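the amino acid sequence is not available; the structure is as follows:
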């Protein structure tokens with residue numbers, strides 16, 4: 001939309017009239033207004049930021065690696081936490097530093113939608129999708145001279161949003177390359193996070209994905225510092241510290257734990273007999289067995305790797321759910337009956 005038309009749409013919206021604007025921006029304007037954001041004043045909340053946080057420590061060097069390419073382009077790069085707090089910023093020229101400080105887009109500023117209205121980081125934090133905001137599409141009038149594009153970084157291990165990457169410039173300089181730049185930066189940061197993951201975390205992810213691919217139930221994989229969780233399990237509102245405490249209390253020999261109400265979890269240590277390497281939890285409602293526990297199959301002997309253990313657990317659980325019907329179990333697992341027999345022979349289950 002042309003800048004003049006965008007400005008007129010913003011003025012119409014602020015006056016309470018219908019405003020023809022991109023659906024993404026219109027939805028954000030409505031959320032901003034319902035949150036009571038003042039479009040005419042900055043009124044941003046500020047807090048101390050941890051410049052040595054794991055996300056900043058890993059992501060900032062990736063952004064700085066592109067900095068030389070942007071020198072002279074009047075561009076700013078920034079990172080934010082998942083709650084929309086700006087945690088790091090870089091500018092290609094000194095005039096940008098002064099101008100961005102003046103509009104309070106600086107480390108420590110809270111720019112989530114509910115406090116700063118429509119902006120790239122605010123929309124990305126709300127929708128978990130890349131967002132481009134140009135000129136008067138910003139809810140706050142003082143940000144109309146600017147354009148920004150932001151996108152969430154999905155952590156390759158936890159599968160959750162680790163933070164946001166933002167690229168900003170003056171509105172008249174905005175173009176489609178902003179989206180290209182932010183996507184390249186997001187890919188670079190995700191790769192750096194993957195490289196920084198420990199071997200144990202990668203084993204946890206492998207086990208998590210193995211169970212996830214063979215189960216329709218929510219799956220959570222956890223150790224004392226990390227929780228790998230996806231949307232279907234995240235909706236349950238599980239607390240990582242409380243969940244790990246329940247795992248530790250149950251001990252490595254447990255086969256099932258009760259979490260809350262009728263929510264239960266089948267219990268699969270990544271390494272048999274150990275909790276330190278992480279535990280896969282397959283969540284269910286109600287009891288998963290008559291006794292509340294189940295014994296692992298005889299194929300769970302020493303010497304099996306984490307993925308083999310995970311695969312055998314999934315196969316034996318699926319067979320139990322199918323009352324031993326191998327054709328039905330193979331169909332649920334998405335493999336042929338012959339492949340299922342091969343797996344069972346490998347683990348000495350036939």
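Noted; the coordinates are in hand. Only a predicted model underlies this, so the values are computations on that prediction, with no experimental measurement involved.

tell me where this structure has helices.
Ranges of helices in the chain, per DSSP state H, are 3-14, 23-34, 54-70, 94-102, 113-116, 120-127, 177-196, 199-214, 231-234, 240-250, 306-321, 326-333, 337-346.

and these, which is most packed in?
helix 120-127 (a mean of 26; mean count of other CB atoms under 10 Å). Glycine gets a C-beta too; all of them are placed from N, C-alpha and C.

what is the least confident helix or strand in the chain?
helix 306-321 (a mean of 72; mean pLDDT, DSSP states H and E).

pLDDT weak spots in the stretch 251-350 of the chain?
261, 286-310, 346-350 (pLDDT under 70).

revised request: answer the last question for the chain.
1, 69-72, 261, 286-310, 346-350.

hang on, isn't residue 161 packed against residue 150?
No - the pair residue 161 / residue 150 is not scored as a contact, 11.6 Å apart, by CB atoms under 8 Å.

tell me which of these two has more neighbours.
residue 150 (29 against 15; other CB atoms under 10 Å).

quick check: closest non-adjacent residue to the more buried one.
The shortest distance from residue 150 to any non-neighbouring residue, by CB to CB, 6 or more residues apart in numbering, is to residue 120 (3.5 Å).

next one: residue 194
Closest to residue 194 by CB to CB, 6+ apart is residue 156, at 4.2 Å.

so the one you found sits against residue 193, correct?
Yes - between residue 156 and residue 193 there is a contact under CB under 8 Å: 5.7 Å.

find the residues that touch each one of these two.
In terms of CB atoms under 8 Å, 6 or more residues apart in numbering, residue 156 and residue 193 are not both contacted by any residue.

need phi/psi at residue 230.
The phi/psi pair for residue 230 (degrees, to the nearest 10) reads phi -110, psi 180.

you'd agree it is up against residue 215?
No - if you go by CB under 8 Å, residue 230 and residue 215 don't touch, sitting 11.6 Å apart.

same drill for these two, tell me which one is more crowded.
residue 215 (19 against 15).

count of neighbours near the nearest residue to the more buried one once chain neighbours are set aside?
Leaving out its chain neighbours, the residue that sits closest to residue 215 by CB to CB, 6+ apart is residue 282, at 5.8 Å. Applying other CB under 10 Å, we find 23 residues neighbouring residue 282.

distance of residue 282 from residue 229?
13 Å (CB to CB, to the nearest Å).

same thing with residue 125?
18 Å.

ok, residue 60 next?
26 Å.

equivalent analysis for residue 83, please.
Counting by CB to CB - residue 83 and residue 229 are separated by 18 Å.

what of residue 85?
Residue 85 is 22 Å from residue 229, by CB to CB.

over to residue 130?
Residue 130 is 22 Å from residue 229, by CB to CB.

same deal with residue 238?
Taking CB to CB, one finds residue 238 at 7 Å from residue 229.

cool, residue 215 as well?
14 Å.

ok, now residue 99?
Taken as CB to CB, the span from residue 99 to residue 229 is 40 Å.

contacts only, for residue 74.
92-93, 95-96, 169-170, 173.

got phi/psi on it?
Per degrees, to the nearest 10, the backbone of residue 74 is at phi 50, psi 50.

from residue 119, how far off is it?
On the measure of CB to CB, residue 74 and residue 119 end up 18 Å apart.

could you do residue 314 as well?
Counting by CB to CB, the gap from residue 314 to residue 119 is 44 Å.

now residue 329
From residue 329 to residue 119 the distance is 51 Å (CB to CB).

same check on residue 324?
In terms of CB to CB, residue 324 sits 57 Å off from residue 119.

between these two, which one's more packed in?
residue 119 (28 against 9).

let me see the contact set for that one.
111, 113, 133, 138-140, 143, 148, 150.
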